[in-house]
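Asker: Please find the sequence and the predicted model below.
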Amino acid sequence: MTAEQLKNWLKNKTDVGQGIQVGGIDGNADRFIGIYRKEPPGGYRICLGGEEQTLTQQLRAEILVHWTASATQAEEKAQAIWELFSGLYYEEMDGALVYHADPGAGPVPWGKDRRGVVEYMIRVTLTSRKE
């Protein structure tokens, strides 16, 4: 599973405002979503029996919701995105079969950018079939 596959799935599930991209956001936009891939703690996981027995992989990502100067609208958007992952099992995401999604306890308030746009962060771990 890749961050690009996550981006494509999310783009089909919700309004992405002025855009969505991997690795950053358009800081001049008022409504934008950024997907950031994060390294898993502890390195690559290999099951007992070796590589051929390892059937799953994990994608850890942060989703930055950069959404208007209204704290209420930004929180509502972040909550709606978080809910897409809450309780998600066996979902195909742009060709990758995701067995389980863990979006954490909820969206984290990230503050405002230099232009006053409110931001929230959603940290999600996706366990998928190994590609």
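Answerer: Received the coordinates, thanks.
Asker: Going by C-alpha atoms from here, please, whenever you check contacts or count neighbours.
Answerer: Will do.
Asker: Quick one: the strands in the chain, in order.
Answerer: 20-22, 31-38, 56-67, 89-93, 96-102, 108-112, 118-129 (DSSP state E).
Asker: Residue 11 is nearest to which of those?
Answerer: Nearest of these to residue 11, taken as C-alpha to C-alpha: strand 20-22 at 7.2 Å.
Asker: and the worst-scoring helix or strand of the chain on mean pLDDT, what does it pack onto?
Answerer: Least confident helix or strand, the chain: strand 56-67 with a mean of 93, by mean pLDDT, DSSP states H and E. Here strand 56-67 touches strand 31-38, helix 71-85, strand 118-129, going by 3 or more C-alpha pairs under 8 Å, 6 or more residues apart in numbering; DSSP states H and E.
Asker: mind checking which of these is nearest residue 18?
Answerer: strand 31-38 (5.5 Å).
Asker: so what does that closest one touch, helix or strand wise?
Answerer: helix 3-13, strand 20-22, strand 56-67.
Asker: Let's see that with 10 Å instead.
Answerer: helix 3-13, strand 20-22, strand 56-67, helix 71-85, strand 118-129 (3 or more C-alpha pairs under 10 Å, 6 or more residues apart in numbering; DSSP states H and E).
Asker: List the neighbouring strands of it plus their orientation.
Answerer: As defined by DSSP bridges, the strand partners of strand 31-38 come to strand 20-22 (parallel), strand 56-67 (antiparallel).
Asker: for those strands, which one ends up most surrounded?
Answerer: strand 56-67 (a mean of 22; mean count of other C-alpha atoms under 10 Å).
Asker: Quick check: beta-bridge partners of the closest residue to residue 119 other than its chain neighbours?
Answerer: Spatial nearest neighbour of residue 119, chain neighbours left out: residue 66 (4.5 Å); criterion: C-alpha to C-alpha, 6 or more residues apart in numbering. As for beta bridges, residue 66 partners with residue 32, residue 119 under DSSP bridges.
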